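Asker: kindly return the folded structure for what I paste below:
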Amino acid sequence: MNKTEWFEDEDFWVTYAPLMFDENAWAEVPSDVDNILRLTGIAPGARVLDLCCGVGRYSLELALRGFDVTGVDITKPYLDAAKESATALNAKANFIQADVREFSRPEHFDLCLNLFTSFGYFETKAMDLHFLSLCAQNLVPGGRLFLETIGKEVAVRDFVEFEEFERSGWNVRTEYRVVGPWEGLENRWILRAGSEYKDYSFVLRLYAATEMIEALKTAGFSDVSIFGGYDGRPYDNRAQSLVALARK
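Answerer: Numbering: from 1, shown residues only. Presented below is the predicted three-dimensional model:
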């Protein structure tokens, strides 16, 4: 991977961490994990791979519940925070700094997680498919992938041109623009605090449910189910997000 992508910029993640990982984001983790375990059927002791684990919210919760967890992320400050939390909580989780497009441990894990809309930011669809194929390769036969992102249908339904709010001492303005015929959604985040100013833009590639199913099957998965949230609700007009559950 020679080209530097926007998500490899540590300054972006350090700046935006307080906005993304506030108290509400941490508070929702236990119930999300309850639902993940219910839908996947895995039990304590299983080996879990948490790709794009960030500050380790889900990795830590799973480790505390007796799972053998490996969290992978490219952002060192996030991994440092995850390791500190693991020490404070006495949670036995392994955190690795790596590009998830390259991390490979064939047929080792029982469950692979990719949560919090971490999928869809690579430059090409081919790279998305490569990532999904690696997920399949890293799973044991019968292993499962649990992936959560913003589905195209939800993005269309909830589209707004901009939002403004205050959080963590910043005045925040988010602006959105449709890319192509709903191929993606450009996000621009503008932060102001006194004389300090931050302005970042990135594009999320959007997948409809049928497109996600096709991509997962091409990558080597079968028995693909699509849900409208962690709680397993239908992927219909009341869906909160797109959750894909697939078996290798």
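
Asker: lowest-confidence helix or strand of the chain?
Answerer: helix 10-20 (a mean of 78; mean pLDDT, DSSP states H and E).

Asker: and the next helix or strand past that helix?
Answerer: The helix or strand immediately downstream of helix 10-20 is helix 23-27, counting by DSSP states H and E.

Asker: any idea of the mean pLDDT in that following helix?
Answerer: Helix 23-27 shows a mean pLDDT of 86.

Asker: per-residue pLDDT, the residue lying farthest from the centre of the chain?
Answerer: Going by C-alpha atoms, centre = their mean, the residue of the chain most distant from its centre is Ser195, 32.2 Å out. Each residue has a pLDDT score; the one for Ser195 is 94.

Asker: tell me how far it lies from Glu164.
Answerer: 19 Å (C-beta to C-beta, to the nearest Å). Heads up, the C-betas are built off the backbone N, CA and C, glycines and all.

Asker: and Gly232, by the same measure?
Answerer: Taking C-beta to C-beta as the measure, Gly232 falls 34 Å from Glu164.

Asker: same check on Leu139?
Answerer: Using C-beta to C-beta, we find Leu139 at a distance of 42 Å from Glu164.

Asker: who has more neighbours out of the two?
Answerer: The residue with more neighbours, out of Leu139 and Glu164, is Leu139; 26 against 10, by other C-beta atoms under 10 Å.

Asker: and that one, what does it touch?
Answerer: If you count contacts by C-beta atoms under 8 Å, 6 or more residues apart in numbering, Leu139 has them with 107-112, 145, 248.
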